[in-house]
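Participant: A predicted structure for the sequence below; I have some questions about it.
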Amino acid sequence: MRPVIITANWKMNTTPADAGPLAADIAKATDVANVTRIICPPFTNIAAVSAAVEGSGTLVGAQNVHAESKGAYTGEVSADMLKRLVSWCIIGHSERRRDQLESDELVGHKIVRLTEVGISPMMCCGEQLDEREAGKAVETVQAQVKATLETVLAAGMNLPSDLVIAYEPVWAIGTGRTATGADAAEMAAGIRATVADVAGAEYAESVPVLYGGSVTADSFGEFIAEPSIDGALIGGAGLKPDQMTGIAALAAEAAAARANA
Ligand code: PGA
């Protein structure tokens, strides 16, 4: 059975001074059973967040990693540097695809780097609004997933058993607009079909697929009601303990229902 996962992506928010108290509040607000809870602060605040959530069961993730192991990459952070600091890492977020022009192949190399050091990769994918309006949402995302995973295989590595795929329609991120639960479920099926083509049906069924894009305590229920959606990647609401309380409660309900199914 796939885990239910809720991940707060803090993006470029919080400071080393306020990240710890906020993380402690969120850890307390999301203290529910059988849900994987992850907070991804900026690099500079990882230590403060880790100290604050210690013993709470909340896990800590990074928001990015470099695609090379080491070398002359001024200002970058390698997987080796993150090893033992975080257990998860978001990669291929649409804001990085937009601002740093990250490609699917680059994201594939990041999966390789993370897997080498034992950090679980949370790979983001998602279509632009014009792609959805042209009826090309599923094929766009499938192409992203295929190119990324084939890069991992071409590097001579099996796909990691801890891979998570976060489907985040770009037009829904930070806009207050969400996809529908049905759209997200259709996309999850499309993503798993592509993963199955690349790595087999059994592996595809084991990969959690999260929804992201303006998730709140009000909207999350529609997504987690879909059996193919295993949780959420949460931006704005991930900085708000009261929002995270509601999201965690829904996640715990879903985890319990799935365990009994
Ligand atoms: P949002 O961000 O919840 O603020 O839309 C989600 C994300 O970018 O991961």
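Facilitator: Perfect, thanks for sending it. Numbering: from 1, shown residues only.

Participant: can you tell if the host helix or strand of residue 39 touches the ligand?
Facilitator: Secondary structure from DSSP states H and E places residue 39 in strand 35-40. No. Using CB under 6 Å from any ligand atom, we find that strand 35-40 stays clear of the ligand, coming within 9.0 Å at best. For the C-beta atoms, the positions are set from N, CA and C on the backbone; glycine is no exception.

Participant: partner strands of that strand, with direction?
Facilitator: Strand 35-40 has its sheet partners listed here by DSSP bridges as strand 4-9 (parallel), strand 59-62 (parallel).

Participant: could you dump the first one to PDB, C-alpha only?
Facilitator: Read that as strand 4-9. Extracted in PDB, the C-alpha atoms of strand 4-9 (Å, rounded to 0.1, in the frame of the first residue of the first chain):
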ATOM      1  CA  VAL A   4      -0.200   9.200   2.300                       C
ATOM      2  CA  ILE A   5       2.200  12.100   2.200                       C
ATOM      3  CA  ILE A   6       1.800  15.800   2.900                       C
ATOM      4  CA  THR A   7       4.700  18.100   2.100                       C
ATOM      5  CA  ALA A   8       5.000  21.700   2.900                       C
ATOM      6  CA  ASN A   9       7.200  23.600   0.400                       C
END
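
Participant: what does this structure have sitting close to the ligand?
Facilitator: 9, 168, 173-174, 212-215, 233-237.

Participant: make JSON lines from those and add pLDDT, distance to residue 202 and secondary structure to it.
Facilitator: Output for the residues of the chain next to the ligand, formatted as JSON lines (pLDDT from 0 to 100; distance: CB to CB, whole Å; DSSP: H, G, I helix; E, B strand; the rest coil):
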{"residue": "9", "pLDDT": "98", "distance to residue 202": "29", "secondary structure": "strand"}
{"residue": "168", "pLDDT": "98", "distance to residue 202": "26", "secondary structure": "coil"}
{"residue": "173", "pLDDT": "95", "distance to residue 202": "31", "secondary structure": "coil"}
{"residue": "174", "pLDDT": "93", "distance to residue 202": "36", "secondary structure": "coil"}
{"residue": "212", "pLDDT": "98", "distance to residue 202": "26", "secondary structure": "strand"}
{"residue": "213", "pLDDT": "97", "distance to residue 202": "29", "secondary structure": "coil"}
{"residue": "214", "pLDDT": "96", "distance to residue 202": "33", "secondary structure": "coil"}
{"residue": "215", "pLDDT": "97", "distance to residue 202": "29", "secondary structure": "coil"}
{"residue": "233", "pLDDT": "98", "distance to residue 202": "25", "secondary structure": "strand"}
{"residue": "234", "pLDDT": "98", "distance to residue 202": "29", "secondary structure": "strand"}
{"residue": "235", "pLDDT": "98", "distance to residue 202": "32", "secondary structure": "coil"}
{"residue": "236", "pLDDT": "98", "distance to residue 202": "36", "secondary structure": "helix"}
{"residue": "237", "pLDDT": "98", "distance to residue 202": "34", "secondary structure": "helix"}
